[in-house]
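Chemist: Kindly return the folded structure for what I paste below:
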Amino acid sequence: MLAQPKMPMRMLDAAGVNARVSAIAAPLGGSVGIAARNLASQAVVEVRAGELFPLASCFKIPVMVGNCVSYSASLE
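Modeler: Okay, the predicted model is just below:
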């Protein structure tokens with residue numbers, strides 16, 4: 001059996017977590033949006049979840065390319 005990872009922050013109070021994340025993101029000067037769900041409790045934390053963000057971050061570009069390659073290969 002795999003060991004369960006330890007979460008650094010328990011999501012007992014989603015509103016408190018939301019406020020803390022918003023406070024950390026505020027001085028960054030950019031656009032920060034976060035969505036997380038605790039799979040055990042189903043608690044949800046969302047910061048600016050209703051806003052659209054451009055699909056051009058350093059993380060999303062490789063994922064997008066990988067998805068395009070997988071899709072292209074499935075057509076062959």
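
Chemist: Sketch out the low-pLDDT regions of the chain for me.
Modeler: Along the chain, the parts satisfying pLDDT under 70 run over 1-14, 55-58.

Chemist: any chance you could map the helices in it?
Modeler: Assigned by DSSP state H, the chain shows helices spanning 14-25, 60-75.

Chemist: With respect to burial, which of those scores highest?
Modeler: For the helices of the chain, the stretch with the most neighbours on average is helix 14-25, a mean of 14; neighbours defined as mean count of other Cβ atoms under 10 Å. C-beta coordinates here come from the backbone N, C-alpha and C atoms, glycine included.

Chemist: which strands and helices sit next to that one?
Modeler: strand 44-47 (3 or more Cβ pairs under 8 Å, 6 or more residues apart in numbering; DSSP states H and E).

Chemist: Run through who's touching the strand it packs on.
Modeler: Contacts made with strand 44-47 from outside it, assessed by Cβ atoms under 8 Å, 6 or more residues apart in numbering, are listed as 11, 14, 17-18, 21-22, 25, 32-38.

Chemist: strand partners of that strand, parallel vs antiparallel please.
Modeler: Paired with strand 44-47 in the same sheet, following DSSP bridges, are strand 34-37 (antiparallel).

Chemist: so how far is the strand it pairs with from its chain's centroid?
Modeler: Relative to the mean C-alpha coordinate of its chain, strand 34-37 is positioned 5 Å out (Cα atoms, centre = their mean, to the nearest Å).

Chemist: One more: stretch 60-73?
Modeler: Using Cα atoms, centre = their mean, the distance between the centre of stretch 60-73 and that of its chain works out at 19 Å.

Chemist: Check stretch 16-24 too.
Modeler: 14 Å.

Chemist: ok, back up a step: the helices of the chain into a markdown table, with extra columns for distance to Q42?
Modeler: Written out in a markdown table, the entries for the helices of the chain read as follows (distance: least, Cβ to Cβ, whole Å):
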| stretch | distance to Q42 |
| --- | --- |
| helix 14-25 | 10 |
| helix 60-75 | 25 |
